[in-house]
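Trainee: Next come a sequence and a model predicted from it.
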Amino acid sequence: MDMVPLKESSIISFAPGNCGSFLQWCLNFISDLEFSEQLPFGSYGNSHEYFTPRINSFVTPTKEELNLDRVTDSAREVLVQELEIYQKSKGFKSANLFKEGNFEKFIELNSLSPRITSVHPICEKDDNIIEILTKISENFRNIIHIVPTVNKSFLYALTNAQVKISIGAVVPGRKKEIANSPRDLTTLLYEVNKEKYFSTFLSKEFKDNMNQWPTNDEGELDPWALREFYSFYIYPAFYAQNRLDDVKAIQDINNVHVIHTEDFLSWETFLTMLIDVKQHCELLTPRLGEMEEIWNEWIVLQEHKNKDQIVLEIINNILADRKFDWADKNLTIYDEAMIQYYLRKKNIEIKCNELNVFPTNTNDLKELLYNV
């Protein structure tokens, strides 16, 4: 791991789901000839299969706390290796100091940093992103801040955060998914107190509201109840987590370069963005020519990349009373909830009680609609 003085380090700032780990890997790869060629892609299309230095990482567990019996042999080897690298590294001692807002102590302990690192700037409901990024800008060379755009990449990023990253962790109410998920790096790391190691990024109000919804005999929310809950709360929660109302003010912070999540979703926009970022970070990029082949492998894994456009098309066809079928679009419960959310904005509700199987065409859905 290439360590440099803190003021020479560039940092990627993003809420989970916005492809920040992929960008961090790409910048390391194109700028460092000694950086591993092993692709970082996980089975869910995330880019977490490599050691990702992050300045407010979850509290690093000890080997004794790791539940290594729950992961595959290959994942166990990676986890132990990452833990050893993290503990030996001179960088980012007591990363939880940063998360707790003790910037001065954090900076005092960290004279060196990886050349390209990252941060989730928002961990709690009341975190002030302007204050946090301003403090980072005073101590790091450059900041790349990634934000989604509503109706372009918002639902893609939201679904990433739930499906690719945080199954059973961010979302309370999906309890069984932790034990049953095949994911091998983020969710299955810890058997110990989940609250200690996972930032929820969601307000206490969000979790308390979820706990008031009816559960089935197994203590889980049925699909209809979970969808109904999400339709009220998940859009504003993710919007707030990304602090989208603050983007203009973020752009005015010294050394901050804002990019958008949809920039990742076509090769042309991705290449343009990558060149802009490497110039902002003043990186030499001897491997830039290898990125198209890597991006082509990555984009195939992004099964939710068109969900913003699909949901918008569904809404437009419902409002225009046109026939439209989405049976082959592989909607998630988050997509369905967003359909419900957008219809509610038009004063249209869905008869959702016990609707565990969501309609797959406008004709069937219209039978369940009523105006409010």
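Mentor: Okay, I see it.
Trainee: Keeping just the C-alphas, turn the strand or helix carrying Leu365 into PDB.
Mentor: Using DSSP states H and E, Leu365 maps to helix 362-366. The C-alpha trace of helix 362-366 is given here as PDB (Å, rounded to 0.1, in the frame of the first residue of the first chain):
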ATOM      1  CA  THR A 362     -50.200  -1.400 -15.900                       C
ATOM      2  CA  ASN A 363     -53.500  -3.100 -16.400                       C
ATOM      3  CA  ASP A 364     -53.200  -5.200 -13.200                       C
ATOM      4  CA  LEU A 365     -51.800  -2.300 -11.200                       C
ATOM      5  CA  LYS A 366     -54.500   0.200 -12.300                       C
END
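Trainee: From the contact counts, what lies against it?
Mentor: Helices and strands touching helix 362-366, by 3 or more Cβ pairs under 8 Å, 6 or more residues apart in numbering; DSSP states H and E, are helix 307-319. For every residue, glycine as well, the C-beta is placed using N, CA and C.
Trainee: So what touches the helix it packs on?
Mentor: Identification of contacts with helix 307-319 by Cβ atoms under 8 Å, 6 or more residues apart in numbering yields 151-156, 159, 323-324, 326, 329, 331-332, 335, 338-339, 342-343, 346, 348, 362, 365-366, 369.
Trainee: What subset of those residues is buried?
Mentor: 152-156, 159, 324, 326, 331-332, 335, 338-339, 342-343, 348, 362, 365 (16 or more other Cβ atoms under 10 Å).
Trainee: Which ones among those residues map onto helices?
Mentor: Of the positions in the buried ones among the contacts of helix 307-319, Phe154, Leu155, Tyr156, Thr159, Asp335, Met338, Ile339, Tyr342, Leu343, Thr362, Leu365 sit in helices, assigned by DSSP state H.
Trainee: Next, the contact list for the second one, please.
Mentor: By Cβ under 8 Å, 6+ apart, the contact list for Leu155 reads His304, Lys307, Asp308, Val311, Tyr334, Asp335, Met338.
Trainee: If we only consider the residues you listed, which is nearest to Asn254?
Mentor: Asp308 (31.6 Å; Cβ to Cβ).
Trainee: Just give the number of residues close to that closest one.
Mentor: For Asp308, the count of nearby residues is 26 (other Cβ atoms under 10 Å).
Trainee: Skipping adjacent residues, who's closest to it in space?
Mentor: Nearest residue to Asp308, sequence neighbours excluded (Cβ to Cβ, 6 or more residues apart in numbering): Leu155, at 4.5 Å.
Trainee: That's all I had, so thanks and see you.
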